[in-house]
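K.L.:
Next come a sequence and a model predicted from it.
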Amino acid sequence: MSSIRRVASWGLIVGAAAAAGAGTVAAVQEYKSGIVWPEPPVVDPGPPGGVPSDAIVLFDGKDLSKWNGGDQWEVKDGYAVVRKTDITTKEAFGDCQLHVEFATPEVVKGSGQGRGNSGVFLMNHYEVQVLDSYGNKTYFDGQCGAIYKESPPMVNVCRKPGEWQTYDIVFEAPRFGADGKVEKPAYITVLQNGVVVQNHFEILGDTYYDRPPAYTKHREREPIRLQNHGNPVKYRNIWVRDLKPIVGKKPATSGSGG
Ligand code: MG
């Protein structure tokens with residue numbers, strides 16, 4: 001049907017409806033949930049690529065004073081270079097949004113897991129792999145963007161060695177019962193360079209090299225860790241936001257309703 005004819009028929013339908021309902025149009029009732037919501041806090045997102053006003057800046061290019069072991073890494077020209085140790089945040093986090101920028105070494109050395117290896121550990125337990133996976137084959141659940149040994153990235157969206165890349169991570173912490181059992185597993189969504197590579201993946205447990213993933217009970221909040229794997233990977237512009245759900249008050253129900 002041509003667009004002109006489609007418009008013409010629509011006009012006829014509307015006209016007929018108006019004629020049929022003339023004088024008897026019932027008022028349309030607006031749906032309201034009745035839930036009393038608090039007003040969402042105002043956050044200034046900053047300029048494009050900027051830091052949201054409610055974020056905790058973990059590294060702004062100047063120093064790693066917010067990290068245990070940070071004095072072991074090299075900081076220069078607005079970035080940090082991995083050196084002899086892992087570093088962990090002094091502050092602990094649970095449900096969070098994490099932004100990290102990284103660059104694998106421009107001078108390519110090694111292959112497989114030995115090329116540009118580092119990692120971003122949520123809660124010190126769950127690794128989002130950092131690796132130079134630009135034309136560098138390794139096992140798929142160990143390449144860049146993988147939840148290490150649990151889930152390969154859906155796509156390989158790596159930039160070339162030496163180029164800056166981004167991780168934007170949305171993380172839901174696991175919940176443990178008093179007996180140490182998992183009441184709710186952790187979930188993770190990862191965007192690499194703006195492209196989704198993990199979509200609300202259910203984390204299976206700690207990400208080990210030498211054994212299957214398994215949960216071990218830990219605190220509600222734990223530090224973020226950046227891995228030293230012997231390769232001089234660079235980091236810059238790291239910030240994190242606590243995620244708190246908006247909780248509304250449900251209306252009192254009148255009668256049991258059965
Ligand atoms: Mg790693």
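P.N.:
Received the coordinates, thanks.
K.L.:
Phi and psi next, for Gly114.
P.N.:
phi -90, psi 10 (degrees, to the nearest 10).
K.L.:
Number of residues surrounding it?
P.N.:
Look at Gly114: counted by other Cβ atoms under 10 Å, it has 15 neighbours. Backbone N, C-alpha and C define where each C-beta goes, glycine included.
K.L.:
Over to the one 3 residues further on?
P.N.:
Here the count is done by other Cβ under 10 Å, and Asn117 has 23 residues near it.
K.L.:
Spit out the contact partners of it.
P.N.:
By Cβ atoms under 8 Å, 6 or more residues apart in numbering, Asn117 lies in contact with Gln129, Val130, Leu131, Asp132, Gln227, His229, Gly230, Asn231, Val233.
K.L.:
Kindly report the same for Glu150.
P.N.:
Counting by Cβ under 8 Å, 6+ apart, Glu150 has contacts Asp141, Phe201, Ile203, Leu204, Thr207, Pro213.
K.L.:
Try it again at 7 Å.
P.N.:
Applying Cβ atoms under 7 Å, 6 or more residues apart in numbering to Glu150 gives the contacts Asp141, Ile203, Leu204, Thr207, Pro213.
K.L.:
Just among the contacts of Asn117, which is most surrounded?
P.N.:
Asp132 (30 neighbours).
K.L.:
That one: what's it in contact with?
P.N.:
Taking Cβ under 7 Å, 6+ apart, we find Asp132 in contact with Thr104, Val108, Arg115, Gly116, Pro161.
K.L.:
Mind checking what secondary structure it has?
P.N.:
coil (DSSP: H, G, I helix; E, B strand; the rest coil).
K.L.:
that's a helix at Gln113, yeah?
P.N.:
Yes: membership of Gln113 in a helix is supported by three-state DSSP.
K.L.:
ok, it - how many residues close by?
P.N.:
Neighbours of Gln113 (other Cβ under 10 Å): 17.
K.L.:
coming back round to it: now render the contacts of Asp132 as a markdown table, adding secondary structure.
P.N.:
Shown next, in a markdown table, are these (three-state DSSP):
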| residue | secondary structure |
| --- | --- |
| Thr104 | coil |
| Val108 | coil |
| Arg115 | coil |
| Gly116 | coil |
| Pro161 | coil |
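K.L.:
Of the residues you listed, which is the most crowded?
P.N.:
Result: Gly116 is most packed of the contacts of Asp132 (other Cβ under 10 Å), 29 neighbours.
K.L.:
hang on, it packs against Leu131?
P.N.:
Yes: with contact defined as Cβ atoms under 7 Å, Gly116 counts as touching Leu131 (5.6 Å).
K.L.:
Is the residue nearest to Val190 when sequence neighbours are not counted in a helix, a strand, or coil?
P.N.:
Spatial nearest neighbour of Val190, excluding adjacent residues (Cβ to Cβ, 6 or more residues apart in numbering): Gln198 at 4.0 Å. With three-state DSSP as the basis, Gln198 sits in strand.
K.L.:
from the contacts of Asp132, which has minimum pLDDT?
P.N.:
Lowest pLDDT of the contacts of Asp132: Val108, 94.
K.L.:
The spatially closest residue to that residue that is not a sequence neighbour and Pro153: what is the separation?
P.N.:
Once flanking residues are discounted, Val108 sits nearest to Pro161: 5.2 Å by Cβ to Cβ, 6+ apart. Separation of Pro161 from Pro153 (Cβ to Cβ, to the nearest Å): 17 Å.
K.L.:
What of Ala92?
P.N.:
27 Å.
K.L.:
Around the ion, which positions in the chain sit nearby?
P.N.:
Counting by Cβ under 5 Å from the ion, the chain comes close to the ion at Asn117, Gly119, Gln227.
K.L.:
Nice, that's everything, thank you.
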